[in-house]
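Engineer: quick one, fold the following:
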Amino acid sequence: MAGFSYKYKSKALCLVLAFTLGSCLFSTLAKLQRFEHPSNADGSLSFLVIGDWGRRGAYNQSQVAFQMGRIGEELDINFIISTGDNFYENGLTGIDDTAFEESFTNVYTAKSLQKQWYSVLGNHDYRGDVEAQLSPVLRKIDGRWLCLRSFVLNAEIAEFFFVDTTPFVEKYFSNPEDHTYDWNGISPQKDYVADLLKDVELALRESTAKWKIVIGHHGIRSIGYHGDTQELVKKLLPILEANNVDFYMNGHDHCLEHISSTVSPIQFLTSGGGSRAWRGDFGGLNQDGVKFYYDGQGFMSVQLTQSDAKIMFYDVFGNVLHKLSVAKQAYSAM
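Structural biologist: Numbering: from 1, shown residues only. Down below sits the predicted model:
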């Protein structure tokens, strides 16, 4: 497993708690924590993207994991990205919750998947003990695991900006529908979101990476059950458009999607088919730019070079459902 390091700059009153491999817990008032992951010797990079998965192998999670292992070996992937909702139905109950091993360690067993996993939180994760998922104790159980609220991953050819999107969504605060959310460290919400947006904007503006990729749980554009996340459309999307972001990748809707922005080069890619899917459950009204939608289980692969990106969507049987090729100066769907 490739090593990683980070640079962390604190502001006043920010308490830094050091933990395994130099990671730390941090206040959102601080600049985003940074990690490094080397690209291949030829400068290329490949990885898988999976979301909405943690069901102890049920709802075809194990079958999707098997195909991920096969494709991961074929592409010789560098790492895996999780777009959130890592443990159903209500996150983890604590650092000793057996769901961590039953839904993660014991499911993603293929040799090719024994790489670093970079994960964000989803809304279901916020229904449990959030600090448990962020805890360094889980890294001692399975060293592949790295989950933080928001952070930056520098992989040389590309920089990845992981954004904690759940606190953006107003209904989780105003109308939680009988669910309990762990807002420890979030309150006051408006300050948390405002500080996070500033940090993301600064990190994107300062980035000189060939490819800029933003990861969040909630979709900015989606025709799935949840549709567009209006808070992200209003607050986050303008920042992405102003800073030449290439891809926004998310989960939340239990499907696979590719939607092109009609006003910028951004490609919106949903990979939320890690386990339970919602057959025939459409909710999005905005059909502009839709290139592909699949209401079943599966995952996504990404291959990057200095000049091109090749992205493929796979179903639970490993069949390629859709692929796209993106160049820095041009775009085409195949």
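Engineer: could you pull out the strands in the stretch 151-300 of the chain for me?
Structural biologist: Taking DSSP state E, counting those that start in this stretch, the strands of the stretch 151-300 of the chain run over residues 151-154, 158-162, 211-215, 247-250, 256-260, 267-271, 290-294, 298-304.
Engineer: which strands border the first one, and is each parallel or antiparallel?
Structural biologist: Strand pairing for strand 151-154, using DSSP bridges, gives strand 33-36 (parallel), strand 158-162 (antiparallel).
Engineer: after the shortest one, which helix or strand is next?
Structural biologist: Secondary structure here is assigned by DSSP states H and E; on that basis, the next helix or strand after strand 33-36 toward the C-terminus is strand 45-50.
Engineer: just the CA trace of that following strand, in PDB.
Structural biologist: Taking C-alpha atoms only, strand 45-50 is exported to PDB below (Å, rounded to 0.1, in the frame of the first residue of the first chain):
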ATOM      1  CA  LEU A  45      -3.100   7.000 -12.500                       C
ATOM      2  CA  SER A  46      -6.000   4.600 -12.200                       C
ATOM      3  CA  PHE A  47      -8.600   4.000  -9.500                       C
ATOM      4  CA  LEU A  48     -12.100   2.700  -8.800                       C
ATOM      5  CA  VAL A  49     -15.100   4.700  -7.400                       C
ATOM      6  CA  ILE A  50     -17.800   3.100  -5.400                       C
END
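Engineer: counting by contacts, list what the helix or strand following it packs against.
Structural biologist: The element immediately downstream of strand 45-50 (helix or strand, assigned by DSSP H and E) is helix 61-75. Counting contacts by 3 or more C-beta pairs under 8 Å, 6 or more residues apart in numbering; DSSP states H and E, helix 61-75 packs against strand 45-50, strand 298-304. In short, each C-beta sits where N, CA and C put it, glycine included.
Engineer: closest one to Lys171 among those?
Structural biologist: strand 45-50 (25.5 Å; C-beta to C-beta).
Engineer: so in that sheet, which strands flank that closest one, and in what orientation?
Structural biologist: Strand 45-50 pairs in its sheet with strand 79-82 (parallel), strand 298-304 (antiparallel), by DSSP bridges.
Engineer: could I get the average pLDDT for stretch 113-121?
Structural biologist: The average pLDDT within stretch 113-121 is 98.
Engineer: what about that stretch, distance to the chain center?
Structural biologist: Distance of stretch 113-121 from the chain centroid (C-alpha atoms, centre = their mean, to the nearest Å) equals 9 Å.
Engineer: same deal with stretch 129-147?
Structural biologist: 16 Å.
Engineer: for the record, mean pLDDT for it?
Structural biologist: Per-residue pLDDT over stretch 129-147 has a mean of 98.
Engineer: buried ones in that stretch?
Structural biologist: Judged by neighbour count (16 or more other C-beta atoms under 10 Å), stretch 129-147 contains these buried residues: 129-130, 132-136, 138-139, 144-147.
Engineer: in helices, which of these fall?
Structural biologist: 130, 132-134, 138-139 (DSSP state H).
Engineer: tell me the pLDDT at the residue nearest the centre of the chain?
Structural biologist: Residue closest to the mean C-alpha point of the chain, counted by C-alpha atoms, centre = their mean, is Thr83 at 2.8 Å. Per-residue pLDDT puts Thr83 at 98.
Engineer: same question, Lys7
Structural biologist: Model confidence at Lys7 (pLDDT) stands at 35.
Engineer: and which of the buried residues of stretch 129-147 is nearest to Ile157?
Structural biologist: Checking these against Ile157 by C-beta to C-beta gives Leu146 as the nearest, at 19.7 Å.
Engineer: bridging residues for the closest one?
Structural biologist: Going by DSSP bridges, Leu146 is paired in beta bridges with Tyr118.
Engineer: thought Arg139 was touching it, still the case?
Structural biologist: Yes: here Leu146 reaches Arg139: they are 7.2 Å apart, a contact under C-beta atoms under 8 Å.
Engineer: and the closest residue to Gly251 other than its chain neighbours, how close does it get to His217?
Structural biologist: Nearest residue to Gly251, sequence neighbours excluded (C-beta to C-beta, 6 or more residues apart in numbering): Gly51, at 2.5 Å. Note on Gly51: its distance to His217, by C-beta to C-beta, to the nearest Å, is 7 Å.
Engineer: thank you, goodbye.
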